[in-house]
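In: Mind looking at a prediction? Sequence and model below.
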Amino acid sequence: MLTFDRGDQRFNYRVSGAALHAGRVLLHTVDGLEYWGLPGGRVEFGETADQALLREMQEELGTAVRVRDLLWVVEQFFTVGPGEPVHAGREVHELNLIFRMELPEPQQDPATVLDGGLTLIFQWFPLSQLPPVRPTFLVSSLLKLPDSPEYVVIDERP
């Protein structure tokens with residue numbers, strides 16, 4: 001994984017996929033969290049971002065997705081909250097490439113997956129009735145995808 005730690009600071013390079021179908025989006029959460037996000041994971045050394053998304057979806061959903069166009073390059077600064085299952089209090093600088101992706105069977109029922117001791121929950125939500133989502137810009141941006149990649153900076157440092 002392309003994650004670098006320095007004391008209580010972490011740099012993380014990850015990739016996510018926006019799967020949209022019939023006015024719904026596929027989101028995932030870790031059991032116990034109060035928010036949802038786009039499915040994805042960390043990029044491995046020597047792996048391209050689209051290869052990482054293919055691998056992560058194969059590992060987590062057991063399916064081969066089609067990775068489409070790059071939608072957003074998100075650079076985010078945040079501190080892991082006290083209610084998080086891992087790394088509470090850690091400062092994070094994260095680079096996240098978000099692609100549009102297609103699942104072969106988009107009507108698939110919600111899935112629960114064990115991943116490294118965490119329970120991941122995947123579920124389709126209507127775009128008009130999203131649960132709390134991070135990063136929050138996705139709530140409005142998923143309604144109208146960009147025509148070309150957009151660079152988004154989110155700075156949530158205290």
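Out: Received it, and whenever you're ready, just let me know what you need. Residues are numbered from 1 along each chain as shown.
In: what helices or strands is the longest helix seen in the chain leaning on?
Out: Criterion DSSP state H: the longest helix present in the chain is helix 49-61. Counting contacts by 3 or more C-beta pairs under 8 Å, 6 or more residues apart in numbering; DSSP states H and E, helix 49-61 is packed against strand 9-21, strand 40-42, strand 66-79, strand 91-102, strand 111-115, strand 118-126. All C-beta atoms are positioned from the backbone trio N, CA, C, and that covers glycine.
In: among these, which is nearest D147?
Out: strand 66-79 (9.2 Å; C-beta to C-beta).
In: closest to I154 out of the helices and strands packed on helix 49-61?
Out: strand 66-79 (4.4 Å).
In: Off-centre distance for stretch 67-84?
Out: 7 Å (C-alpha atoms, centre = their mean, to the nearest Å).
In: List the neighbouring strands of the helix or strand of the chain with the lowest mean pLDDT plus their orientation.
Out: Lowest mean confidence among the helices and strands of the chain (mean pLDDT, DSSP states H and E): strand 111-115, at a mean of 80. Strand 111-115 has its sheet partners listed here by DSSP bridges as strand 118-126 (antiparallel).
In: Tell me the buried residues in the strand it pairs with?
Out: By 16 or more other C-beta atoms under 10 Å, the buried positions in strand 118-126 come out as 120-125.
In: contact partners of the helix or strand following it?
Out: Beyond strand 118-126 in the direction of the C-terminus, DSSP states H and E gives the next helix or strand as helix 138-141. With C-beta atoms under 8 Å, 6 or more residues apart in numbering as the test, helix 138-141 has contacts from 18, 38, 72, 130, 133.
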